[in-house]
Structures are given as C-alpha cells and as structure tokens.
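Asker: Dropping the sequence and predicted coords here.
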Amino acid sequence: LVNIAVLGSGKGSNFLSIAKAVSMGELPARICVVVSDNPEALIIKKANELGIPTAVLPCGKYKTWLEPWIEEELVRILKEYHTELVVLAGFMRVLKETFLNAFEGRTVNIHPSLLPAFKGKEAWKAALEACVAETGCTIHWVSKEVDGGKIIAQSRVPILPGDTPESLHARIQQAEHELYPKVLKDLCLDWIKKYAK
Ligand code: GAR
C-alpha cells in the first residue's frame, strides 16, 4: 500500500471520495495523514470521524502561501507519517520551494477547470463568465508554476443554460469525485511497480 497524505482547506468532498475508494479496496493506498491550513475546515472533522490522523498548520502572515518555516513544518509532518504521495484536494495555498524541494514529483493537485484554461481561484466562475460551452477538472503534477504542472488526466463537464456558479461547481465536483480515485489508483499501481521491493 502507498502512503498518501491528503491536504485540504475546505469541505473535503474529494478527500471523502478518496477515503471511500480506499475503504472499498479500490485503491492500493492508505491515507496516512490529513493536513489543513484551516483548523475549522470540514476536511479535518471528517478525517477525525474516520479515525485518520490529522494535523493543522500554523496560519502565518500570508493568506495565499506559507512562509518557509511553515512549509518546513509541513514537510516534517509528511515525513513523520512516511508519506509517499501528496494529494492536494482543495488546498488553497500555493506551495513553494521548501515544500517542492522535498516533494516535487510526488505531489498531485485537482483543479476545477480544463487547464491551461482558467487557472487560479474559483475557476468555475471564470468559465461561466467567459461563456464557454464546457469546462471540467484537471489532475496535474504540482510544480513551481501555479496550476501549470504536467497534466495527468482531465474530465469534461458541460455548461448548461441557467447554470449558476453553484450548480456548475457541483457538476464539476461530481466529475472530480469520479476522476481522482481512478487516477490515484493508477499512480499508486505505478508507484508499487517502481518502488516495492
Ligand atoms: C475542488 O473543486 C477543487 O477542484 C478546488 O477546490 C474544491 C475543493 O473541494 N481546488 C482549487 O480550486 C485549487 N485551486 P472539496 O474540499 O470538497 O474537495
């Protein structure tokens, strides 16, 4: 089993879809720790309910990224739980050098658009405002360029007449909940082939 750490700032619906796949034996992994930058995040509550270890990072001086000493703390926590793969599931801070030096090539993110279109926050709103016919979600490797790492998989979602930001985000999230466990399964199988002794 591959040790995966899930990082999130919000409601944790992607985390739950991954935890479900793990518990159904569909994913050769174990969730070793859930980490958040937000002590109030539902993802922490849900992980606690499932008996999965959790950690909350100090919030620091900035809203959109973590100072190097906090990234050091994050790396320390991930190593303490023997993390092999880091899974970002609605983690709303940009990860920088201190983290990437330790975990680049082992960290994936899910983004609610068909990258490279609509990078950044609330990408479903941007897609709706741009009046495009479809959007979707993207799973990609995390690199220095925000939302710009190598794409692993995408899933398309139509934009329907009358869609609101909420209805569109809900449709994208359904696609996310299907895609993330599938992609993680493939990544874990690759990982096991490569590194299992
Ligand atoms: C997801 O839709 C994810 O794609 C998005 O946050 C949501 C988290 O939902 N991530 C980003 O926008 C990253 N830039 P969840 O907490 O229910 O999994």
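Answerer: Noted; the coordinates are in hand.

Asker: residues contacting whichever residue of the chain sits closest to the ligand?
Answerer: Taking Cβ to the nearest ligand atom, the ligand has its nearest neighbour within the chain at residue 90, 2.5 Å off. All C-beta atoms are positioned from the backbone trio N, CA, C, and that covers glycine. Remark: with contacts taken as Cβ atoms under 8 Å, 6 or more residues apart in numbering, residue 90 is in contact with 8-12, 14, 43, 110.

Asker: Now do it, the pLDDT please.
Answerer: On pLDDT, residue 90 comes in at 98.

Asker: Over to residue 197?
Answerer: 59.

Asker: In the protein, where is pLDDT below threshold?
Answerer: Applying pLDDT under 70 to the chain flags the ranges 197.

Asker: For the chain, list the residues in contact with the ligand, please.
Answerer: Applying Cβ under 6 Å from any ligand atom, we find that the chain lies next to the ligand at 8, 10-14, 43, 89-90, 110-112, 173, 176.

Asker: Put together a markdown table for the residues you listed, with secondary structure on each row.
Answerer: Converted to a markdown table, those look like this (DSSP: H, G, I helix; E, B strand; the rest coil):
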| residue | secondary structure |
| --- | --- |
| 8 | coil |
| 10 | coil |
| 11 | coil |
| 12 | coil |
| 13 | helix |
| 14 | helix |
| 43 | helix |
| 89 | coil |
| 90 | coil |
| 110 | strand |
| 111 | strand |
| 112 | coil |
| 173 | helix |
| 176 | helix |
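
Asker: How about the host helix or strand of residue 168, which residues are buried there?
Answerer: Following DSSP states H and E, one finds residue 168 within helix 165-195. Within helix 165-195, the residues scored as buried using 16 or more other Cβ atoms under 10 Å are 168-169, 171-173, 175-177, 179-181, 183-185, 187-188, 191.
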